[in-house]
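*Asks:* take a look and give me a structure for this.
(one chain, ligands or ions: 1)
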Amino acid sequence: MRASLLQIGPDGDEPVDSLRDRASSLVQEQAGADLVILPELWTTGAFAFERFAAEAEPLRGPTYELMAESARKTGVWLHAGSIPERAEDGTLYNTSLVFGPDGELAASYRKMHRFGFDRGEAVLMGAGTELVTVALPGTTLGLATCYDLRFPELFRGLVDAGAELLVVPAGWPERRRAHWTLLAQARAVENQAYVLAVGSAGTHAGVPQAGHSIAVDPWGAVLAEAGHGQQVLTVDLDPARVAATREEFPALKDRVLGR
Ligand SMILES: O=C(O)CCC(=O)C(=O)O
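*Replies:* Presented below is the predicted three-dimensional model:
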């Protein structure tokens, strides 16, 4: 299974339409991949708080339409990262969209853990409440977003729901890059699952982004890691390695709590 991690980000005050076109072109360059993944809030930047309300869209808005078409034209599973979603009651959510190769929406996930403590996303957006997994041929994705990476119980819940490939679009800051890499590996090791964590490029609202998208195998080995700028990271995964790792080293069966 081939995955392409598209590490992009807004370039200065780049208009959203230009970003959408850039993302769509990059997706369409990935023909031949099975799964393509974009970062968190790539239409605004994860720290451009004032843009969340201005650029918020309904679930089936312009980003949805273009990404659905991009998935269909390219014939890939597309995790289109997340958008600032405006729900019917006006609440904003940080919502990930996953499309099948037919361009149909396979799943959406509203980020559960909002970042910022008493500011930013934590006060501007609502919290998701649903664990979301997506069945692909040969594997099951578990969806999480950025700050969620710090909450191992979410990932264990996804694994209990059948996830074997944990996908984490993010807008993680450079300042805490060491945590990003460490936590991506930790989530892979403890859950004996693949982790594909896709960071953003550039500087958003004055916050330099870590980039450093990373692919980790179920044993915790780093398969590939990006640098800082816009980059496509392509990795080949063997979904059968998840079951093999869990069988060879059956630590998940030794759980005492939470079963
Ligand atoms: O947890 C962190 O250090 C970064 C989280 C973050 O930037 C986010 O969730 O948007």
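
*Asks:* residue contacts, the residue nearest the centre of the chain?
*Replies:* The residue lying closest to the centre of the chain (Cα atoms, centre = their mean) is Pro169, at 2.3 Å. The contact partners of Pro169, taken as Cβ atoms under 8 Å, 6 or more residues apart in numbering, are Ile37, Leu38, Pro39, Glu40, His79, Gly81, Ser82, Ser96, Thr145, Cys146, Ala197, Val198. Quick note: C-beta positions are derived from backbone N, CA and C, even for glycine.

*Asks:* what residues are bridge-paired with it?
*Replies:* Val198 (DSSP bridges).

*Asks:* quick one: list the elements packing against the worst-scoring helix or strand of the chain on mean pLDDT.
*Replies:* Least confident element among the helices and strands of the chain, by mean pLDDT, DSSP states H and E: strand 203-204 (a mean of 90). Taking 3 or more Cβ pairs under 8 Å, 6 or more residues apart in numbering; DSSP states H and E as contact, there are no helices or strands that strand 203-204 lies on.

*Asks:* re the thing from before, now, of the contacts of Pro169, which are buried?
*Replies:* Ile37, Leu38, Pro39, Glu40, His79, Gly81, Ser82, Ser96, Thr145, Cys146, Ala197, Val198 (16 or more other Cβ atoms under 10 Å).

*Asks:* show only the entries of the residues you listed found in strands.
*Replies:* Among the buried ones among the contacts of Pro169, the members falling in strands (DSSP state E) are Ile37, His79, Gly81, Ser82, Ser96, Ala197, Val198.

*Asks:* columns pLDDT and distance to the ligand on top of these, output as TSV?
*Replies:* Listed next are those as TSV, based on pLDDT from 0 to 100; distance: Cβ to the nearest ligand atom, whole Å:
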residue	pLDDT	distance to the ligand
Ile37	99	16
His79	99	16
Gly81	98	12
Ser82	98	10
Ser96	98	12
Ala197	99	12
Val198	98	13
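
*Asks:* which one of these is nearest Glu55?
*Replies:* Glu55 has its nearest neighbour among these in Ser82, at 12.2 Å by Cβ to Cβ.

*Asks:* leaving out chain neighbours, which residue sits closest to the closest one?
*Replies:* On the basis of Cβ to Cβ, 6 or more residues apart in numbering, the spatially nearest residue to Ser82 that is not a chain neighbour turns out to be Ser96, at 4.4 Å.

*Asks:* same deal with Thr63?
*Replies:* Nearest non-adjacent residue to Thr63 (Cβ to Cβ, 6+ apart): Ile83, at 4.9 Å.

*Asks:* same question for Arg175.
*Replies:* Closest to Arg175 by Cβ to Cβ, 6+ apart is Pro208, at 7.6 Å.

*Asks:* so the one you found, which state does it fall into?
*Replies:* The assignment at Pro208 comes out as strand when based on DSSP: H, G, I helix; E, B strand; the rest coil.

*Asks:* who touches the residue nearest to Met125 when sequence neighbours are not counted in this structure?
*Replies:* Take Met125 and drop its neighbours on the chain: the residue closest to it by Cβ to Cβ, 6+ apart is Leu92, 4.7 Å away. With contact taken as Cβ under 8 Å, 6+ apart, Leu92 is in contact with Phe52, Ala53, Ala56, Pro84, Glu85, Arg86, Leu124, Met125, Gly126.

*Asks:* now, which of the residues you listed sits nearest Ala240?
*Replies:* Ala240 has its nearest neighbour among these in Glu85, at 35.1 Å by Cβ to Cβ.

*Asks:* identify the residues contacting the closest one.
*Replies:* Contacts for Glu85 (Cβ under 8 Å, 6+ apart) come out as Ala56, Glu57, Pro58, Leu59, Leu92, Tyr93, Asn94, Thr95, Arg110.
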